[in-house]
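K.L.:
The sequence and its predicted three-dimensional model are supplied below.
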Amino acid sequence: MKTARTRESAVAGFFARLTRFVYAVVCEGFFGRVMTAYAACNAYLRSSGVGRLFTKISHGKKAGYRSVRRSVAQSIDRSYLRRGVSAAFGALLACNLRTIGLFFVTCGTYSALSYWLFSVIWSVKSGGPIYLYIGFAELVIGILLLFFDLSLGYALDHSFFFGVLVHFFGISEEAFKESDRTGRQGYAVAVPLGMLAGALGVLIKPQYAFLGILLFFIFLLEFSVPEAGVILLIAAIPFVGFLSSSFAFMFLLTLLAVAAYFAKVLRGNRVFRMDLQDFVVLLLLIYTALITFFDRGVSAKSAVLEVALVGIYFIVSNGIATRQWLRRARGTLVLSATAAAVVGIAQFIVAAVLDSEKGATIATLGRAVHCGFSGRIPYAAFLVLAFPFALSFLIGGKKHHRLLFGFSVLSILAALVLTWVQSAWLAVFFATILFFLVFDKRTFPFFLSAGILAPLVRAMVPTSSRAFLLRLFHMDAEVALARGSAVRRIYKEARFFRLGSGGKIRFFREVLLGLGRNGIAQFSAFYTALPADTAEETLSFWYYRLLEGGVIGVLLPAALFFFLLQNCFSLLAARRGETRSVWPIAGIAAVVGAIVIGIFHYTWYDYSAMGAFFAVIALIGADARYERSTMPNDVESGGNSPYSAEISYYRVD
């Protein structure tokens, strides 16, 4: 017994010494010094000419610049639109529920009556009995509200469901608490408005009316609390594709979030900061605007939306600036990914039931698993980005919430398996290993032992199973290598670069700045049997960026990935010896997962996947900025640095 314990202690001591040695080499070697030098790089940018120029622009110390911003702030505060909306919202909160009930009764009655007149008396083709059902529902709701003598504001303030929404979206409760218990009666206004709404309801499709009302309340919410717009955007990204007008809805959500936040900045209620990582995204935004707006192969609306999706980064990174909003944003991301995973699993089950007689394989059924994305690959990429955050909640969350987050982790993994995207499996595999290696160095002996035993396990696996696994994971790799060979041939073909008058300049321009969408069309026409919009998903992210944006198009995302990792590793190094937050580790794992899946596939052709990527990396940057702001005597915190782009506050009462 004593000899066995001695051997166990010797083995444990060996692994402990080996672990300390490996981590010391990594942390204190060249890799560690480079990956923890974010503060030095950020300070160098602040002191550079670009940093000083941005500081002058952002602070606006000249009187003329300050007066312009003051006039803008005054015009926003004094605008009739703002005053009118505020007055209407206040009157609605003070309104009696009986008055609202009377409006619904009148509206439902006139809606049913109008449907009867159009379809029976005048024999005019209408949208079907849905209008009659809606009118009946309005009538029932109105009758129920007639029994309450409370004001709308008081009822909402004492509502459990609305209290949850208020807490989730950070809405101020002062406006609701100021409402009297008994509201105002406005029967003379409610009845004519109900008659008008009921009569016009037959002429407007119900989905459009509902969407218009929803957008109105979203407009009020976002301009009151711009951070709520970020939460809505993160929550809606996986499901926008289910809408028939997904492009317009995505653009509208993004535009509202941008406009609401900068309106608050101009009024002095919010600040706008920019660090090194943000500056790289700014360069990427400018370059994306240049290569899309001046590319004839890109439509104007696609170019505008791509630029807006990159701009999501700045709204998230600046708007999500407190612990509460970080918790809400991360929770929304995980909740949204879990719901998307459940929808994907349901899509697989439905496809399996419908194709049960055809003998479809799991690889074929995986094509139906995409939730609201355009395909399974962008869907898998979104789940890869969200998985480290779900894992972080499971490890670092409260004990009574771990069952819920365990369900999130398992559902995301199940959906990833059902997509049958092998590159996403590899991305999650490497991201998970790196997550645990960074989270706790005591996991190193386990992974080391697993690596040593892997050849033995491989030898024990039957030949047929081993061949199946190798063929499975070689599938994406072979496609990526084949597409890479095609890209190299495109740049070597003389017909694309005719060296004549100005040929060298053209060659330099097309290598440095890329071929635009024309390069993707050339790739599809000469080297695949697929159309350009289908070949995009089979092309590596890096090869796609090289064809479309040239060398600069590759270097900017590479620099972004590098500074993201450097930012997270620097934060962990600064927290060494303290209780470290798990969220920078989640950021590292998410970035590594994005890099791995980018080796095999390009996913930004799907606007939802593109928006999700920039929202997630902005969330990583926002978390790092907040963590640094809590450090005492921290030199990395940009909160009061001269490079911090804090807009001067102009509050007009």
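P.N.:
Looks like it came in fine.

K.L.:
Strands along the chain, start to end?
P.N.:
In chain order, the chain shows no strands, with DSSP state E as the criterion.

K.L.:
List the buried residues in stretch 411-423.
P.N.:
Ser411, Ile412, Leu413, Ala415, Leu416, Val417, Leu418, Thr419, Trp420, Val421, Gln422, Ser423 (16 or more other C-beta atoms under 10 Å). For every residue, glycine as well, the C-beta is placed using N, CA and C.

K.L.:
need the contact list for the third one.
P.N.:
Spelled out, it's Leu413. Leu413 makes contacts with Phe387, Val428, as judged by C-beta atoms under 8 Å, 6 or more residues apart in numbering.

K.L.:
From Ile345, how far out is it?
P.N.:
11 Å (C-beta to C-beta, to the nearest Å).

K.L.:
Which neighbours do those two have in common?
P.N.:
With C-beta under 8 Å, 6+ apart, Leu413 and Ile345 have no common neighbours.

K.L.:
how about the helices in the stretch 301-450 of the chain?
P.N.:
323-354, 362-365, 376-396, 402-419, 422-439, 444-460 (DSSP state H, counting those that start in this stretch).

K.L.:
Just the endpoints, please. Distance across stretch 593-613?
P.N.:
With C-alpha to C-alpha, to the nearest Å applied, stretch 593-613 spans 11 Å between its terminal residues.

K.L.:
Off-centre distance for it?
P.N.:
Distance of stretch 593-613 from the chain centroid (C-alpha atoms, centre = their mean, to the nearest Å) equals 12 Å.

K.L.:
ok, now how distant is Asp275 from Phe314?
P.N.:
Distance, Asp275 to Phe314, using C-beta to C-beta: 11 Å.

K.L.:
Between these two, which has more neighbouring residues?
P.N.:
Asp275 (26 against 22; other C-beta atoms under 10 Å).

K.L.:
Help me confirm that the more buried one comes into contact with Asn42.
P.N.:
Yes - in this structure, Asp275 is within contact of Asn42 by C-beta atoms under 8 Å, at 5.8 Å.

K.L.:
where does the nearest residue to Lys264 once chain neighbours are set aside fall, phi/psi-wise?
P.N.:
Once flanking residues are discounted, Lys264 sits nearest to Arg270: 4.1 Å by C-beta to C-beta, 6 or more residues apart in numbering. Phi and psi for Arg270, reported as degrees, to the nearest 10, are phi -140, psi 170.

K.L.:
repeat for the one 3 residues further on
P.N.:
For Arg273, the backbone dihedrals (degrees, to the nearest 10) come out as phi -120, psi 160.

K.L.:
Turn the buried residues of stretch 411-423 into CSV, columns for pLDDT.
P.N.:
Converted to CSV, the buried residues of stretch 411-423 look like this (pLDDT from 0 to 100):
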residue, pLDDT
Ser411, 96
Ile412, 95
Leu413, 95
Ala415, 95
Leu416, 94
Val417, 92
Leu418, 92
Thr419, 91
Trp420, 87
Val421, 87
Gln422, 85
Ser423, 86
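
K.L.:
Tabulate those (CSV), appending distance to Met610.
P.N.:
Output for those, formatted as CSV (distance: C-beta to C-beta, whole Å):
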residue, distance to Met610
Ser411, 24
Ile412, 20
Leu413, 24
Ala415, 20
Leu416, 20
Val417, 24
Leu418, 23
Thr419, 18
Trp420, 23
Val421, 17
Gln422, 22
Ser423, 18
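
K.L.:
so which of the residues you listed comes closest to Tyr287?
P.N.:
Ser423 (26.0 Å; C-beta to C-beta).

K.L.:
in the stretch 501-650 of the chain, which ranges drop under the pLDDT threshold?
P.N.:
The model of the stretch 501-650 of the chain has pLDDT under 70 over residues 501-510, 517-537, 577-579, 632-650.

K.L.:
What ranges does it have for its helices?
P.N.:
Under DSSP H, counting those that start in this stretch, the stretch 501-650 of the chain gives helices at 503-513, 517-527, 532-535, 541-574, 583-600, 607-629.

K.L.:
How far away from the center of its chain is the fourth one?
P.N.:
Meaning helix 541-574. Here helix 541-574 is found 18 Å from its chain centre; the criterion is C-alpha atoms, centre = their mean.

K.L.:
Give the buried residues for that helix.
P.N.:
Neighbour-count burial for helix 541-574 [16+ other C-beta under 10 Å]: 541-550, 552-554, 556-557, 559-574.

K.L.:
which secondary structure elements does it contact?
P.N.:
The helices and strands touching helix 541-574, judged by 3 or more C-beta pairs under 8 Å, 6 or more residues apart in numbering; DSSP states H and E, are helix 30-35, helix 38-47, helix 276-293, helix 463-492, helix 503-513, helix 517-527, helix 583-600, helix 607-629.

K.L.:
need the contact list for Gly366.
P.N.:
Contacts of Gly366 by C-beta under 8 Å, 6+ apart are Phe348, Arg376, Leu418, Thr419, Trp420, Val421.

K.L.:
Contacts only, for the second one.
P.N.:
By C-beta under 8 Å, 6+ apart, the contact list for Arg376 reads Gly366, Arg367, Val369, His370, Thr419, Trp420, Val421.

K.L.:
Now Phe436. Nearest residue, chain neighbours left out?
P.N.:
Thr443 (4.4 Å).

K.L.:
quick one: the closest residue to Ser224 other than its chain neighbours and Ile597, what's the gap?
P.N.:
Nearest residue to Ser224, sequence neighbours excluded (C-beta to C-beta, 6+ apart): Ile171, at 7.0 Å. Using C-beta to C-beta, Ile171 is found at 37 Å from Ile597.

K.L.:
Those two: who's more crowded?
P.N.:
Neighbours per residue, other C-beta under 10 Å: of Ile171 and Ile597, the larger number sits with Ile597, 27 against 16.

K.L.:
one step back: any chance of JSON lines for the helices of the stretch 501-650 of the chain, columns distance to Leu252?
P.N.:
Formatted as JSON lines, the helices of the stretch 501-650 of the chain follow (distance: least, C-beta to C-beta, whole Å):
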{"stretch": "helix 503-513", "distance to Leu252": "32"}
{"stretch": "helix 517-527", "distance to Leu252": "25"}
{"stretch": "helix 532-535", "distance to Leu252": "24"}
{"stretch": "helix 541-574", "distance to Leu252": "26"}
{"stretch": "helix 583-600", "distance to Leu252": "27"}
{"stretch": "helix 607-629", "distance to Leu252": "13"}
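
K.L.:
To Ser244, which of those lies closest?
P.N.:
Nearest of those (C-beta to C-beta): helix 607-629, 14.9 Å.

K.L.:
Now do the closest one against helix 276-293, angle only.
P.N.:
Interaxial angle, helix 607-629 versus helix 276-293 (axes from the mean of the first three to the mean of the last three C-alpha atoms, to 10 degrees): 160 degrees.

K.L.:
Buried residues, helix 607-629. List them.
P.N.:
In helix 607-629, counting by 16+ other C-beta under 10 Å, buried: 607-628.

K.L.:
my read: Asn146 touches Phe103, true?
P.N.:
You called it Asn, but residue 146 is Leu. No - the pair Leu146 / Phe103 is not scored as a contact, 10.7 Å apart, by C-beta under 8 Å.

K.L.:
more crowded one of those two?
P.N.:
Remark: of Leu146 and Phe103, Phe103 carries more neighbours, 25 against 16, as counted by other C-beta under 10 Å.
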